[in-house]
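Chemist: The following block contains a protein sequence and its predicted model.
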Amino acid sequence: VPGRFRWVTTAIARFDPSVDWPPELTVEVAPLAGLTSFDGTRLGSSAQPVRYRTPALRLWLETVRSDAARNATGGVWDPYTANEHGEMPVDGH
């Protein structure tokens, strides 16, 4: 993964990727061989890899307004009624 490794403090290192990571990506991170601390001390390579996962995408609608659907149903159409097909009226906004 392209990016930049830097010391934020004398005890905290940070990697900033130069590209956006996709959702639901699993990444295993392990220290690089020959890594040195901020003060030049060589760090041991016995650290175990750590696994991270980027969050999944989520999408939801707050509400849908459709004059056509209300007119076609005599005013009883409701965007909060369960709709298993995920349909949206043509004029929905």
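Modeler: Ah, there it is. Values in this document were obtained by computation on a predicted structure and should not be read as measured data. Numbering: from 1, shown residues only.

Chemist: tell me which element the residue positioned nearest the centre of the chain falls in.
Modeler: The residue lying closest to the centre of the chain (CA atoms, centre = their mean) is P55, at 3.9 Å. Following DSSP states H and E, one finds P55 outside all helices and strands.

Chemist: show me what contacts it?
Modeler: P23, E24 (CB atoms under 8 Å, 6 or more residues apart in numbering). From N, CA and C alone the C-beta is placed, and that goes for glycine too.

Chemist: separation between it and P22?
Modeler: 11 Å (CB to CB, to the nearest Å).

Chemist: Repeat that for V90.
Modeler: Relative to P22, V90 is positioned 32 Å away (CB to CB).

Chemist: out of everything not next to it in sequence, what's closest to L25?
Modeler: Of all residues beyond its chain neighbours, the one nearest L25 is T54 (4.6 Å), with distances taken as CB to CB, 6 or more residues apart in numbering.

Chemist: Wait, that neighbour touches P23, no?
Modeler: Yes - contact criterion CB atoms under 8 Å: T54 and P23 qualify, at 5.7 Å.
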